[in-house]
Every structure is written in C-alpha cells, then in structure tokens.
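> need coordinates for the below:
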Amino acid sequence: MEKAKVYFSDFRTKAFGDGLPAKLKKLIKKAGVKSLNMEGKFVAIKLHFGELGNVSYLRPNYSRAVADVVKEFGGKPFLTDCNTMYPGSRKNALEHLECAWENGFTPLTVGCPILIGDGLKGTDDVEVPVIGGEYVKVAKIGRAIMDADVFISLTHFKGHEMTGFGGAIKNIGMGCGSRAGKAEQHFSGKAEIDEAKCRGCLICLKECANNGLAFDAEAKKMRVNAENCVGCGRCLGACNFDAIAFANFAANELLNRRMAEYTKAVINGRPCFHISLVVDVSPNCDCHGENDVPILPNLGMFASFDPLALDQACVDACLKAHPMPGSQLFENMAKPDSVDHHDHFTNSTPESEWRTCLEHAEKIGVGTRNYKLIVVK
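Below is the predicted model:
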C-alpha cells in the first residue's frame, strides 16, 4: 500500500505572531482538508469534552479553529461526542452538555452547535455493518454522527490505562459508539442489576429485545435472565438510576480489535479527515475526573486522511521523546525493580497494550501504518 501522508507542525510560535489556533488552521489546510467538498454539508467534529475535574482535554480554542475552517469552506460544523457507558458527568445528553459548557465548550466559544451523538439517554444509535469485521458484525454508532455528511476527528493524544494510548482510533471507535456500543467493546459478559439502585420503573424492560430481563413483581425489582441476555447493552442507556452495569471486562487485545472495527464502521465509505494533538500527554484517559502530570513533553499537531497512519506517527514521535521528570512514567522507570520495555506507554502502565489495535486496524483496512511525515512550518 502507498504511504499515507501525515502532516506535522510543532507548538513553537513567534512572539507577536500567530497563535496555536492559527497554526492549526494552517496545518489542516496544508493537509488538504478543503478536498472534502464541505459546501452546504453537515460536518461532525468528533472530540472529547473532558470529564469534570479533568483539565488535560483539548482547549475549546482548537475546536473553534477547526470549525472556522469548515465554515470557511462552506460546511455546517457541529461538535459531537457520545454518552459514556459508566456513571459520571457525561452519561446522558443533559449532563454531558452541562459538562461541556463548564469545561468551556459553548456555541459562542467554539463557533458552532454542540450535539450529543447518541441522543438524550445514549440509546439513539444506528446499526452500521462492519465490512470485514471479525469480532463485531454490526456496530452501534451515535445517530447524529452517522447522519453527518462529513466526519472530522479532533483527538487529544494521551496515555490510557487499558489501550496504552488514546489516539484517533480510540476517539473514533470507542467515542462514536453509543452506550450500548461502548458496552459491546468493553465487555464480554452480561448485564448485572444493583437492586439497591433499581426503582422497578420497567423502562429498561422496553429496551430488551431478547427477554433478557424479568420483573419480580413481589420485590418490585428487575432481574437479569442470564440464559437470554446477550450483553447488547440496550438496557444500560435506558436506566436513569445507574442500576445496570456489566461484568467481565474484555482483555485489552480484544478491546483493541473491537475498537478498530468500530472505527471501520464509522469512517468506511464517507469523507473523513483526522487531527491529533500530542499535548498534555496525561497517563490516563480524559474520562478520568482528574489528570496526572504529563508523561511526555508537548510534541506537536498531526493531521491526515488516514487515522491509522496518524496514530502510528503520533506513537513514533512519543517513543522518541524523553520522559517528563516527576511523571508516572519517570517514577516507574526509577524503581529498583523496573523493567524497561522500550515503550513509554507500557513503561507508564504495564498492564496496558496498544499494538494489537494498530495491527488489526491495518488488517481490516482502516488504513496503513506506512506513512510519510510532511513538516509544515
């Protein structure tokens, strides 16, 4: 396969010159974003608004820069993300929007509307076939994301406690999955119900198409019929009281492969463009309600039409960098019994794993890991 083009610009700016948002605009224009033909089209800009308490997510200024470029080329941009699987400040659209506002993302600051991709409760999704999928045949993707004519991912590249790092593929595959879609990627088990939280409202029962739930009228509690439950996760989004959860976390390798296949579902056959900023490289996901000291220095901005080549370029840049003093990575390597895996992400979080994601993504045709880096001054 021909090498993919990945465009790169560092974070250096001249005094009294253009700022980083202007530099990002220049980068994505040089990378050819105009060729998406956005005139009069709805353009989804997928990003992460950050969990409350976390301050390492990408500043709204960057998403404003992308939205401005989309509008300059005639597109109709909107920022979007899907609701989280876990209870937190982003598990439904109302709380998700309030979280985004509190973290600085408003139509005024970003210059475009903000929509939650899978609706009010995280149940508004579309079943999208995964062409060539080995682990997922039909992905559950937020409806607003699939309704968009053009898809742009804007990713904060950082560490991750399970997948090694969170890059474009994770932002797209996991991030665009509805609550049920996220459950499908993360778990290999069935639903569990916390009876102390269950109100017996029966709303979840309406979402179950497999007779996997049964109501105990005497106890006024919902039960799981384990023989029929297929672990689809539909009930998860229906429950307003966080009474439903899932058991049996999938192995990291399985999670990675499912995530790659969800990415294939989102981008297959549609105009796409991808941006990753390697900045504030926290050891864990922005889904955490806190962020630790960055494990690596701020390296730069990357853009490509190929999300896999983009992730590979960001990984390569990170592996060449030196650990930040005082960080989790630095302290792990200073331990007397430390083992150097020659991989900053594994050294930072030894239980994580990332290579299977990129390998499987290439296998199923998400993109290529061979790339040519083009520096934009």
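> surely residue 282 is in contact with residue 295?
Yes. Contact criterion Cβ atoms under 8 Å: residue 282 and residue 295 qualify, at 7.4 Å. All C-beta atoms are positioned from the backbone trio N, CA, C, and that covers glycine.
> got any residues that touch both of these two?
Here residue 282 and residue 295 have residue 159 as joint contacts, going by Cβ atoms under 8 Å, 6 or more residues apart in numbering.
> tell me which stretches of the stretch 151-300 of the chain form strands.
158-160, 164-166, 191-193, 213-216, 221-224, 244-246, 272-278, 300-304 (DSSP state E, counting those that start in this stretch).
> out of those strands, which gets nearest to residue 346?
Among the strands of the stretch 151-300 of the chain, strand 164-166 comes nearest to residue 346, with 6.7 Å by Cβ to Cβ.
> all helices of the protein, in order?
Taking DSSP state H, the helices of the chain run over residues 20-30, 60-72, 93-102, 107-110, 143-147, 168-173, 179-186, 203-207, 234-238, 252-267, 307-320, 328-334, 344-348, 355-363.
> related to what we said a few turns ago, quick one, which of the strands of the stretch 151-300 of the chain is nearest to residue 360?
strand 164-166 (13.8 Å).
> what does that closest one rub up against?
Here strand 164-166 makes contact (Cβ under 8 Å, 6+ apart) with 155-160, 285-286, 311, 314-315, 318, 345-346, 349, 352-355.
> so for stretch 208-215, what's the average pLDDT?
On average, the pLDDT along stretch 208-215 is 88.
> likewise stretch 319-338?
Mean pLDDT, stretch 319-338: 96.
> just the buried positions in stretch 41-55, please.
Buried residues in stretch 41-55, counted by 16 or more other Cβ atoms under 10 Å: 41-52, 54.
> typed the wrong thing, it's stretch 22-38
Result for stretch 22-38 [16+ other Cβ under 10 Å]: buried residues 23, 24, 25, 26, 27, 28, 29, 31, 33, 36, 38.
> reformat these as a markdown table; add pLDDT.
Listed next are the buried residues of stretch 22-38 as a markdown table, based on pLDDT from 0 to 100:
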| residue | pLDDT |
| --- | --- |
| 23 | 97 |
| 24 | 98 |
| 25 | 98 |
| 26 | 97 |
| 27 | 98 |
| 28 | 98 |
| 29 | 98 |
| 31 | 98 |
| 33 | 98 |
| 36 | 97 |
| 38 | 98 |
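> and which of these is nearest residue 183?
residue 36 (31.8 Å).
> which residues touch that closest one?
43, 73, 75, 150, 271, 273.
> what do you get if the cut-off is 7 Å, keeping everything else the same?
By Cβ atoms under 7 Å, 6 or more residues apart in numbering, the contact set of residue 36 is 150, 271, 273.
> thinking the second one is in contact with residue 150, fair?
When you say that, I think you mean residue 271. Yes. When contacts are counted by Cβ atoms under 7 Å, residue 271 is listed as touching residue 150 (4.7 Å).
> these two: who's more crowded?
Between residue 271 and residue 150, residue 150 has the larger neighbour count (other Cβ atoms under 10 Å), namely 21 against 17.
> distance from stretch 352-362 to the middle of the chain?
The offset between the C-alpha centroid of stretch 352-362 and the centroid of the whole chain comes to 15 Å, using Cα atoms, centre = their mean, to the nearest Å.
> other residues contacting it?
Here stretch 352-362 has contacts from 160-165, 169, 252-253, 256-257, 259-260, 263, 308, 311-312, 345-346, 367-369, using Cβ under 7 Å, 6+ apart.
> try 6 Å this time
With Cβ atoms under 6 Å, 6 or more residues apart in numbering as the test, stretch 352-362 has contacts from 162-165, 169, 252-253, 256-257, 260, 308, 345, 369.
> how about JSON lines for those residues, with pLDDT and neighbour count added?
JSON lines is the format used below for the contacts of stretch 352-362 (pLDDT from 0 to 100; neighbours: other Cβ atoms under 10 Å):
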{"residue": "162", "pLDDT": "93", "neighbour count": "20"}
{"residue": "163", "pLDDT": "95", "neighbour count": "25"}
{"residue": "164", "pLDDT": "95", "neighbour count": "26"}
{"residue": "165", "pLDDT": "97", "neighbour count": "25"}
{"residue": "169", "pLDDT": "98", "neighbour count": "32"}
{"residue": "252", "pLDDT": "92", "neighbour count": "19"}
{"residue": "253", "pLDDT": "94", "neighbour count": "16"}
{"residue": "256", "pLDDT": "96", "neighbour count": "28"}
{"residue": "257", "pLDDT": "97", "neighbour count": "24"}
{"residue": "260", "pLDDT": "98", "neighbour count": "31"}
{"residue": "308", "pLDDT": "98", "neighbour count": "26"}
{"residue": "345", "pLDDT": "97", "neighbour count": "26"}
{"residue": "369", "pLDDT": "98", "neighbour count": "19"}
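> can you list these in TSV and add distance to residue 239?
Formatted as TSV, these follow (distance: Cβ to Cβ, whole Å):
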residue	distance to residue 239
162	24
163	26
164	31
165	31
169	29
252	27
253	30
256	28
257	28
260	29
308	35
345	34
369	40
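> tell me, how many residues neighbour residue 141?
The burial count for residue 141: 24, using other Cβ under 10 Å.
> that one pairs with what?
Bridge pairing for residue 141 (DSSP bridges) gives the partners residue 126, residue 177.
> touching, it and residue 129? I think so.
No. Using Cβ atoms under 6 Å, residue 141 is not in contact with residue 129; the gap is 10.8 Å.
> how about residues contacting stretch 321-330?
283, 292, 293, 294, 295, 296, 297, 344, 347, 348.
> generate a ChimeraX selection restricted to the buried entries among those.
Buried residues within the contacts of stretch 321-330, by 16+ other Cβ under 10 Å, are selected in ChimeraX with:
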select :283,292,293,294,295,296,344,347,348
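> will you turn the contacts of stretch 321-330 into JSON lines that also has distance to residue 207 and pLDDT?
Shown next, in JSON lines, are those (distance: Cβ to Cβ, whole Å; pLDDT from 0 to 100):
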{"residue": "283", "distance to residue 207": "36", "pLDDT": "96"}
{"residue": "292", "distance to residue 207": "37", "pLDDT": "96"}
{"residue": "293", "distance to residue 207": "42", "pLDDT": "97"}
{"residue": "294", "distance to residue 207": "40", "pLDDT": "98"}
{"residue": "295", "distance to residue 207": "40", "pLDDT": "98"}
{"residue": "296", "distance to residue 207": "42", "pLDDT": "98"}
{"residue": "297", "distance to residue 207": "46", "pLDDT": "98"}
{"residue": "344", "distance to residue 207": "42", "pLDDT": "97"}
{"residue": "347", "distance to residue 207": "42", "pLDDT": "96"}
{"residue": "348", "distance to residue 207": "38", "pLDDT": "97"}
